[in-house]
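S.K.: just need the structure, nothing else, for what follows:
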Amino acid sequence: MRLFLLDGMALIYRAHFAFITNPIRNSKGINTSALYGFINTLLTIIQKEQPTHLGVAFDTHAPTARHIKFPAYKAQRDATPEELLAAIPHVKRLCQAFQIPVLELDGYEADDIIGTLAHRADSEGGFHTYMVTPDKDFSQLVSPTTSIWRPGRKGTDHEVLDVATILQQWEVSRTDQVIDILGLWGDAADNIPGVPGVGEKTAKKLIAQWDSIENLLAHATQVKGKLGENLQAYADQALLSKDLATIQIDVPIHSSWDDLKLSPYPEKDIKELFAEFEFRTLTKRLFPDASTSAADATATSETPDETTTRNDIRSTPHEYHIADSPASLAQLIDELAQQSSFCFDTETTSLDPFEARLLGIAFSWKAHHGWYLPLDEGAGLPQALRDIFASSREKIGHNLKYDLAVLAQHDVPCEGPFFDTMLAHSLLHPEQRHGMDRLAESYLHYTPIKFSEIAQTPDAPAANDDLFAFAATPSANKKNLSVAHIPLETLAEYATEDADVTWQLASLLRQELATAQQTEIFSQIESPLLPVLVRMEQQGIAIDLAALRLVGQQLQSTIESLTSAIHQHAGKAFNLNSPKQLGEILFNQLQLADKAKKTTTGQYKTDEATLAALSGTHPIIEQILEYREASKLKSTYVDALPTHLQHKTGRIHTTFHQLVAATGRLASSDPNIQNIPVRSALGKQIRQAFIPAAGCTLLSCDYSQIELRIMAALSGDPGMIQAFQENLDVHRATAAKVYGVPLEEVTKDMRNHAKMVNFGIIYGISAFGLSQRLGIPRADAAKLIDTYFAEYPGIKQFMENTIAQAREQGYIATLSGRRRALPDLQSSNQNIRGNAERAAINTPIQGTAADMIKLAMIRIDALLRDGGYRSRLLLQVHDELVFDLHSEEQELIPRILDHMQNALPLPHQVPILVESGTGANWLVAH
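M.R.: Numbering: from 1, shown residues only. Here you go, the predicted structure:
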């Protein structure tokens, strides 16, 4: 997933002053430069970078900890121009129109909010984060999964600054050393003093020699001359400057990833906003007709490195043919039939496989050679070509899942083996981008034809126009372009080049997979899973709209009942969604806290963390939290799920993603089935709207405590292994050990505490974190963890050995051999290193669970297909598989369970248990 975090204020300043000599004004004389420039950057990101998640961070007027520590912080800055200040509310309106969250928090700068979310994404995995800012300070946060996306200036393209770039620019060995350089050098823009007499070059030289400010100051007497004297005299100022320059990564910002997920924007709202500010050109450019190719579905645009010689279609001899006659078609089929492997790429009219019309197919099986087969609407493929697709020849492609889905919709069977270059690169480099254009430039030093180059019309702006001629559909994160007017020869060259480039990439990626010892993971798990996911996506799942409406009515009734109860406690009606009014009720009227926290504007804080801390003080607190949960469930799921129904099938067809998480766990989107809540009573009700097809029941098969079983197997701890082998309640058994009581005397609270420790250990929970979750003193939580490790010494040893092994070899592996690089284990930054250590512990466990369920899916799919069964695999959700089980195929249940339980046997004979259930809806089955 691709997370873009925009430094709102920095981008507004940049845009305003970019037009300072010739400001953009509408007919009312309003300066729209800042808004226009911000929109330009935002559209560039949405359209070219295809983010999955996006947020815009702003500063507030409230003082920060930096101002308190150093009152002169930013004090030298000129007053912000009034026209720029006037633009800020409109920029926020723009964000709201695009349904992009505005991120701001009193007491913290936008830098700190971005730093915190980037750090959180880095820690949790599955994201590559791009910090959109011209500010050099962000260099300190760059990591293998976090980059700076720096907007271009004066017509130049943007830059993406990765770890290698930062290390080179700052002449450091680690990105966190940027803070040390800033501490010595200072920052005139922020009025950070640094050390007198130390400029950029001197600071870099000193840190290169002494590694950090602290080490430098400890040896300041060894630095000769005036420089050494200044270091000694201004040591405290240097440390203060470093502190001021350090971007915080622990801001209490509670935005979830769902909040940041890019969603379809309402055309009406944006058009009205554009009309208000007279952005007519932008309006025309943002809403064109739709079409693109499969390879472009994941393409990204990146400026080539000008220092490297790169070829393109004009400088590279090539031989491309069009099969536009019976003779040429016969030649294509004859040559294809002689190949054991070939690459293909579909050209279509939509990125929704259910809506796409197949315009043509490009083929390649030799570098710089290829064919394009144009297809008339409704014509279909010749039988000889259909036979080739159905044969055991290897099929290569980029984002093959889309191509296979398109072929399936056109009734063209396509059998493996498959080699998807996007998947291969994702497995090798999960932190990078995987678009075909980028891979071509990186691996082949070749710049493919951009779609914008061939999609020109007399009314379209130039392809290099930074304001975008072509719009993106945020929900699909893919380009949305028209090919209706493109001449056949032009489209054929573009499409065939895609197939040719992908063929060449496959050869190089094969070698890289072998070098990284990932060939088996790719060929035995990821590639065979590809068609399984296609079939699952094509199948979809039925929704009972009446049941969903009923859940919605129940939630609405709950919302109204809670509203009434809350108003009764308050003694009057008020707007529950108004933090100001709620704060006054809780803290002025009910006086629930002696020293209630306020924002700088004097408004009481009423966020979830604040309310959770007041839990138990008054019934109104639990009711407010329940009200918020019910409201979110209704808007996020009940109201949203019907919008995902496919009109042709009447079913929901989620999209599965194989390798967005570094651990290999599957994810889904449009809708995100994985996020349907299951823990709360309210959340569970949503599952009852998912129903089987006619003649079927839903079958749910769920691995029981699989991550704990894997931890027991990998650690070899005899106590935990015994608990599973004797089929004990592992949480009750753990509680008995930790609290030193017989099993029959374990209380519910003891078991809950043990359960939290069991699962928390997998994710490296600290005593502080455990104390927060359990609501107990930190000392008690620490004692609980210590006792746990004393009773399960094998787990403690496993964790220590795993971290040491990962640090030594630079990566950690799952039981199947899936690798995850962890370079941050070498970081001198304790926070960064700690996150890497937690990833080292979690990855073998979570990654092995991911491999296990993927292998099970492959084998179960083969069982259903080979046996000619009518039952179908529909969903994968965490450790659960959901099926349409035909009423006459009940005998499948034990066979499915057997495949799941034996997909990946665990060491030390740790048993694998799969729990199953059937029912008329998902709630009953689960």
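S.K.: are we agreed that Glu377 is in a helix?
M.R.: No. The assignment for Glu377, made by DSSP: H, G, I helix; E, B strand; the rest coil, is coil rather than a helix.
S.K.: in this structure, which residue sits furthest out from the middle?
M.R.: Gly225 (51.3 Å; Cα atoms, centre = their mean).
S.K.: how close does it get to Asp269?
M.R.: 63 Å (Cβ to Cβ, to the nearest Å). Any C-beta I mention is one placed from the backbone N, CA and C, and that applies to glycine too.
S.K.: ditto for Ile795
M.R.: Noted for Ile795: a distance of 53 Å to Asp269, by Cβ to Cβ.
S.K.: so those two - more neighbours on which side?
M.R.: Neighbours were counted for Ile795 and for Asp269 using other Cβ atoms under 10 Å; Ile795 has more, 23 against 15.
S.K.: would you say the more buried one is within a strand?
M.R.: No. Under three-state DSSP, Ile795 falls outside any strand and is assigned helix.
S.K.: quick one: residues contacting it.
M.R.: Neighbour list for Ile795: 711, 715, 717, 720, 761, 788-789 [criterion: Cβ atoms under 8 Å, 6 or more residues apart in numbering].
S.K.: 10 Å instead?
M.R.: 711-712, 714-717, 719-720, 758, 761-762, 788-789, 841 (Cβ atoms under 10 Å, 6 or more residues apart in numbering).
S.K.: number of nearby residues for Thr636?
M.R.: Residues near Thr636, counting by other Cβ under 10 Å, number 18.
S.K.: returning to that earlier point: pLDDT at the residue farthest from the centre of the chain, what is it?
M.R.: Per-residue confidence (pLDDT) for Gly225: 91.
S.K.: ok, it to Phe127 distance?
M.R.: Going from Gly225 to Phe127 by Cβ to Cβ gives 47 Å.
S.K.: so which bits of the helix or strand where Gln623 lies are buried?
M.R.: In this structure, Gln623 sits in helix 619-633 according to DSSP states H and E. For helix 619-633, a neighbour-count test (16 or more other Cβ atoms under 10 Å) marks 620-633 as buried.
S.K.: and stretch 334-351, by the same measure?
M.R.: Across stretch 334-351, burial judged by 16+ other Cβ under 10 Å covers 335-336, 342-351.
S.K.: likewise stretch 256-276?
M.R.: Those would be 257, 260-262, 265, 270-271, 273-274, for stretch 256-276 by 16+ other Cβ under 10 Å.
S.K.: same thing with stretch 224-233?
M.R.: By 16+ other Cβ under 10 Å, the buried positions in stretch 224-233 come out as 227, 230-231.
S.K.: before we move on, what about stretch 569-583?
M.R.: 569-570, 574, 576, 579, 581-583.
S.K.: kindly indicate which of those lies nearest Asp111.
M.R.: Using Cβ to Cβ, Pro579 comes nearest to Asp111 of the buried residues of stretch 569-583, at 24.4 Å.
S.K.: got the contact list for the closest one?
M.R.: By Cβ under 10 Å, 6+ apart, the residues touching Pro579 are 599, 603-607, 610.
S.K.: how close does it get to Gln237?
M.R.: Distance from Pro579 to Gln237, by Cβ to Cβ: 40 Å.
S.K.: same question, Gly115
M.R.: 23 Å.
S.K.: the two: who's more crowded?
M.R.: Gly115 (26 against 18).
S.K.: does the more buried one touch Ala245 like I think?
M.R.: No. Judged on Cβ atoms under 10 Å, Gly115 makes no contact with Ala245 at a distance of 11.9 Å.
S.K.: would you map the strands across the stretch 351-500 of the chain?
M.R.: For the stretch 351-500 of the chain, applying DSSP state E, counting those that start in this stretch gives strands covering 358-366, 369-374, 394-397, 418-420, 472-473, 478-479.
S.K.: hey, least reliable of those by pLDDT?
M.R.: If you rank the strands of the stretch 351-500 of the chain by mean pLDDT, strand 472-473 sits at the bottom with a mean of 30.
S.K.: which regions of the stretch 501-650 of the chain lie under the pLDDT threshold?
M.R.: Low-confidence segments of the stretch 501-650 of the chain (pLDDT under 70): 599-601.
S.K.: can you give me the helices for it?
M.R.: Taking DSSP state H, counting those that start in this stretch, the helices of the stretch 501-650 of the chain run over residues 519-521, 527-539, 545-570, 579-583, 608-613, 619-633.
S.K.: show me what counts as buried in the first one.
M.R.: By 16+ other Cβ under 10 Å, the buried positions in helix 519-521 come out as 519, 521.
S.K.: of the buried residues of stretch 224-233, which belong to helices?
M.R.: The helices, defined by DSSP state H, take in 227, 230-231 from the buried residues of stretch 224-233.
S.K.: for Glu497, state which of those is nearest.
M.R.: Nearest member of those to Glu497, counting by Cβ to Cβ, is Leu227, at 57.0 Å.
S.K.: which residues touch the nearest residue to the closest one once chain neighbours are set aside?
M.R.: Nearest non-adjacent residue to Leu227, counting by Cβ to Cβ, 6 or more residues apart in numbering: Gly197, 6.0 Å away. By Cβ under 10 Å, 6+ apart, the contact set of Gly197 is 184, 225-227, 229-231, 234.
S.K.: phi and psi next, for Gly197.
M.R.: Recorded main-chain torsions at Gly197 are phi 80, psi 0, according to degrees, to the nearest 10.
S.K.: tell me the spacing between it and Asp137.
M.R.: Distance, Gly197 to Asp137, using Cβ to Cβ: 22 Å.
S.K.: buried stuff in stretch 687-699?
M.R.: Neighbour counts over stretch 687-699 (16+ other Cβ under 10 Å) mark 687-693, 696-699 as buried.
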